[in-house]
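> Here is the input, now give the coordinates:
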Amino acid sequence: MSEPTQGLHANAERWPKALFAVALAFSIFQIATAAFPLISTQVLRAVHVGMLLLVVYLCYPFRGQHRPWQPLAWLLGLAGMATAVYQWYFEGDLIQRSGELTSTDLVLGLVLIGLVFEAARRVMGIALPIICALFLAYGLLGQYLPGDLAHRGYGLDQLVNQLAFGTEGLYGTPTYVSATYIYLFILFGAFLEQAGMIRLFTDFAMGLFGHRSGGPAKVSVFSSALMGTITGSGVANVVTTGQFTIPLMKRFGYSPAFAGGVEATSSMGSQLMPPVMGAVAFIMAETINVPYAEVAKAALIPALLYFGSVYWMVHLEARRSQLHGLPRDQCPSAWAALRQRWFLLIPLLVLVALLFSGRTPLYSGMVGLALTAIVILGSAIILRANQGWLRAAFWIALGLLCSGFFRMGIGVILLVIAALALACWFVQGGRATLRACVMALAEGARHAVPVGIACALVGVIIGVISLTGLATTFAGYILDLGRDNLFLSLLLTMLTCLVLGMGIPTIPNYIITSSIAAPALLELGVPLIVSHMFVFYFGILADLTPPVALACFAAAPIAKEKGLLISVWAVRIALAGFVVPFMAVYDPALMMQGDSITATLYMLLKAILAVALWGCASIGHLTAPMPWWERLLALIAGICLILALPISDELGFALGAAVLGWHSWRHRPAVRQAL
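Numbers count the residues shown, from 1 in each chain. Sure thing, here's the model as predicted:
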């Protein structure tokens, strides 16, 4: 625990005391309301947004990098909290006069909307506020538009009531999910990071792949996939693991653009990997009213295909450029890393088991968070104890505790945590662990800000769409197009996701496109969960596509290369990510939608072969360089495997086997050497 706690203690010195206290109070409030739901969900959402606004205005300046001017920061932050207190104190009155706002209601509603817009601008830039402002303008002025886009007209008071006092605006489903599931899972990831989970993942990946051909790039792919199981934040993943992997890849011969592209592609793919999935999984489950396990099940095979394709592209590029890995003696032992920190996997495994056993994300998140605290505090005690019997007793007790979580009340669990915290106070080095846990609570609040503010602001779009029926109009255009050609409808939806993704995070991108486009795909016969996964995937890939490519520009200063060049490589490396969603629409068995295991295995085989062929066509290398005609045939074979037309599968299998067989026969010595 010494390394992470030292780093955290250094961070603690940079936290202003007042901001630290606010962040800590925010996390304690979220945990308390999750454990003891004593307030209504409307009040919970309002206080969540109010606390977010307070943290944002204390943290983020109006412009530039300087600290906000504190008197104004406190004024704006407390104004945001005042809107929450108003909702709490006058909850009954607001319900009784629903739809009939007083002048005070109207003023406070306008203040709340303005504060959320400005907070989002400070946190995420101008792109998302502009998009939401256009929807807001449509709600106010849409009656003057021509044709089907016109609506009947709504007054300012109706719009404010919809956005600031209902459950389909700023306090809509995304905010509710942010205030419950997402916050707990962010805290869960923050605690594991402080305990050294990132070091465990990096060392484990280095031990497994560091010495192989193209080892540094493979370490990037594997460690990012592991990181996605606890964080799911793509851009944060780039700047976390990229600080280590990008310079390592460059040192061993990869070009800066390729190194940055590998890291950006791998890190964005972390949002596809269950269980966290960038928090979108929880919003999706709540939106379409299905168990979380169904969302994770649908995401699993495409996520594995995505990372498998990235790994394959990295391997082929390493073979083409004759890049070797690290010397084995310079790589840490994967199993030694696992032996030292294996206990950190216990909360993650229990969390996954609970989610897939049918437990709610809220319950699973609470148990995972509590178990993480117990493991961190308990390990801080026993790792400093020389008595073997004490270690054995702790792990036995922990096993009994895990088995009894289902029957144990939250009060008993909190007593266990309190007892361990008290014991840490009297153990040498234990106080550093306690400081790390406290800092994890504060850091969790800071990590929750971008997600929470995005969820609140996109409520403007959801509220306007719900009030005006805009989604029905847009869906009608897609339906008219799709009746003649489903592929064109999918292409239009994909382009919508990619364009919206230029400058806005994955969560608001998913919420917007799922509100507008997913219902149309459902009407065209695409299964509900597949249609939502389709827009989710392309929302992620928007961070890799030029000209904006947020993940690639985050990797640019580390790689010391232009973000646009990194983006070009990222699109090539993530080729499978652009195709797998289309395959799933035409055959949902790829997302395990259906009862036929045989159909799922067949689709998996097709997808693996298609990915292998596209990799060869893109890199131009297999066991030896491929001439242009081999690359062209490999590309055609891969396309045939996804067309879902009569005999296209047979043609794809035959052509792919012919290309791979001919190439292997022509380069028999190289094949024998590779084997």
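
> who's in contact with the closest residue to residue 541 other than its chain neighbours?
With CB to CB, 6 or more residues apart in numbering as the criterion, residue 541 has its nearest non-adjacent residue at 5.5 Å, and that residue is residue 577. Every residue, glycine included, has its C-beta placed from N, CA and C. Counting by CB atoms under 8 Å, 6 or more residues apart in numbering, residue 577 touches 269, 306, 309, 537, 540, 541.

> Just to be sure, the fourth one is in a strand?
Okay, so that is residue 537. No. Residue 537 is assigned helix when assessed by DSSP: H, G, I helix; E, B strand; the rest coil, not a strand.

> Pretty sure it sits against residue 581.
Yes. If you go by CB atoms under 8 Å, residue 537 and residue 581 touch, sitting 4.6 Å apart.

> which of these two has more neighbours?
Taking neighbours as other CB atoms under 10 Å, residue 537 and residue 581 compare with residue 537 leading, 26 against 23.

> what helix or strand is residue 554 on?
Assigned by DSSP states H and E, residue 554 falls within helix 550-559.

> go on, residue 263?
In this structure, residue 263 sits in helix 256-269 according to DSSP H and E.

> Rounded mean pLDDT for that helix, please.
The pLDDT scores in helix 256-269 average 84.

> Just checking the distance from it to the centre of its chain.
In this view, helix 256-269 has its centroid 16 Å away from the chain centroid, taken as CA atoms, centre = their mean, to the nearest Å.

> and it, what does it pack onto?
helix 215-227, helix 234-251, helix 292-321, helix 528-541, helix 550-559, helix 563-573 (3 or more CB pairs under 8 Å, 6 or more residues apart in numbering; DSSP states H and E).

> list the buried ones in that helix?
For helix 256-269, the neighbour count (16 or more other CB atoms under 10 Å) marks 256-269 as buried.

> Confirm for me that residue 177 is in contact with residue 282.
Yes. Counting by CB under 8 Å, residue 177 touches residue 282, with 5.2 Å between them.

> how about low-confidence regions in the stretch 501-650 of the chain?
Along the stretch 501-650 of the chain, segments meeting pLDDT under 70 span 501-504, 547-548, 644.

> Mind listing the shared neighbours of residue 537 and residue 581?
Joint contacts of residue 537 and residue 581 (CB under 8 Å, 6+ apart) are residue 302.

> what about the helices in the stretch 351-500 of the chain?
All helices of the stretch 351-500 of the chain, identified by DSSP state H, counting those that start in this stretch, fall at 361-382, 388-404, 410-425, 430-468, 470-482, 486-500.

> Let me see the contact set for residue 160.
101, 105, 106, 109, 110, 113.

> tilt between the host helix or strand of it and helix 430-468?
Element membership of residue 160, judged by DSSP H and E, is helix 156-164. Interaxial angle, helix 156-164 versus helix 430-468 (axes from the mean of the first three to the mean of the last three CA atoms, to 10 degrees): 140 degrees.

> what about helix 156-164, average pLDDT?
Taken as a whole, helix 156-164 has a mean pLDDT of 87.

> and if you look at stretch 652-666?
Mean pLDDT, computed over stretch 652-666, is 84.

> chain center to it: distance?
Centroid separation for stretch 652-666 versus its chain: 38 Å, with CA atoms, centre = their mean.

> What is the burial count for the closest residue to residue 140 other than its chain neighbours?
Nearest residue to residue 140 in three dimensions, chain neighbours excluded: residue 159, at 6.4 Å (CB to CB, 6+ apart). Per other CB under 10 Å, the neighbour tally for residue 159 reads 22.

> Touching, residue 113 and residue 162? I think so.
No. Between residue 113 and residue 162 there is no contact under CB under 8 Å: 10.7 Å.

> shared neighbours of these two, anything?
Overlap of the contact sets of residue 113 and residue 162 (by CB under 8 Å, 6+ apart) is empty.

> For residue 480, give me the pLDDT.
According to the model, residue 480 scores 68 on pLDDT.

> and what of residue 429?
The model's pLDDT for residue 429 equals 69.

> Check the gap between residue 281 and residue 462 for me.
According to CB to CB, to the nearest Å, residue 281 stands 18 Å off from residue 462.

> and if you look at residue 648?
For residue 648 relative to residue 462 (CB to CB), the value is 39 Å.

> quick one, which of the two is more surrounded?
A side-by-side neighbour count of residue 648 and residue 462, using other CB under 10 Å, places residue 462 first with 26 against 14.

> unless I'm mixing things up, that one is touching residue 168, no?
Yes. Taking CB under 8 Å as the definition, residue 462 is a contact partner of residue 168 at 6.0 Å.

> and the nearest residue to residue 621 once chain neighbours are set aside, what does it touch?
Using CB to CB, 6+ apart and skipping the chain neighbours, the partner closest in space to residue 621 is residue 320 (3.8 Å). Applying CB under 8 Å, 6+ apart to residue 320 gives the contacts 619, 620, 621, 625.

> Next step: those residues restricted to strands.
For those, not one is inside strands, with DSSP state E as the criterion.

> Would you mind identifying the next helix or strand past the strand or helix carrying residue 94?
Residue 94 is part of helix 91-96 when elements are defined by DSSP H and E. Using DSSP H and E, the helix or strand that follows helix 91-96 in sequence is helix 103-124.

> so that following helix versus helix 550-559, what angle?
For helix 103-124 against helix 550-559, the angle by the same axes, to 10 degrees is 40 degrees.

> Contacts for helix 103-124, please.
Contact with helix 103-124 is made by 49, 52-53, 56-57, 60-62, 76, 79-80, 82-83, 86, 94, 101, 128-129, 132-133, 156-157, 160-161, 163-165, 170, 449-450, 453-454, 456-457, 460, 504-505, as judged by CB under 8 Å, 6+ apart.

> From what I see, residue 631 and residue 615 are in contact.
No. Using CB under 8 Å as the test, residue 631 is too far from residue 615 to be in contact (10.7 Å).

> Between these two, point out the one with more neighbours.
residue 615 (28 against 20).

> for residue 290, helix, strand, or coil?
Assigned by three-state DSSP, the conformation of residue 290 is coil.

> that older thread, is the residue nearest to residue 541 in a helix, a strand, or coil?
Secondary structure, three-state DSSP: residue 577 is helix.

> roughly how far apart are it and residue 536?
Separation of residue 577 from residue 536 (CB to CB): 12 Å.

> hang on, the earlier thing: residue 525: which of the contacts of residue 160 is nearest?
Nearest to residue 525 out of the contacts of residue 160 is residue 113 (CB to CB; 38.4 Å).

> how about the closest residue to residue 351 other than its chain neighbours, what does it touch?
Closest residue to residue 351 apart from its sequence neighbours, by CB to CB, 6+ apart: residue 368 at 3.7 Å. Applying CB under 8 Å, 6+ apart, we find residue 368 in contact with 184, 185, 188, 347, 348, 350, 351, 354.

> Only whichever of those residues are buried, select them in ChimeraX.
Typed into ChimeraX, the line below selects the buried ones among the contacts of residue 368, using 16+ other CB under 10 Å:
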select :184,185,188,347,348,350,351,354
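
> wait, doesn't residue 35 sit right on residue 366?
Yes. Using CB under 8 Å, residue 35 is in contact with residue 366, at 6.3 Å.

> Who has more neighbours out of those two?
Comparing residue 35 with residue 366 by other CB under 10 Å, the one with more neighbours is residue 366, at 22 against 17.

> Check what pLDDT the more buried one gets.
On the pLDDT scale, residue 366 is placed at 81.

> And it, how far from residue 99?
36 Å.

> swap in residue 590?
Distance from residue 590 to residue 99, by CB to CB: 46 Å.
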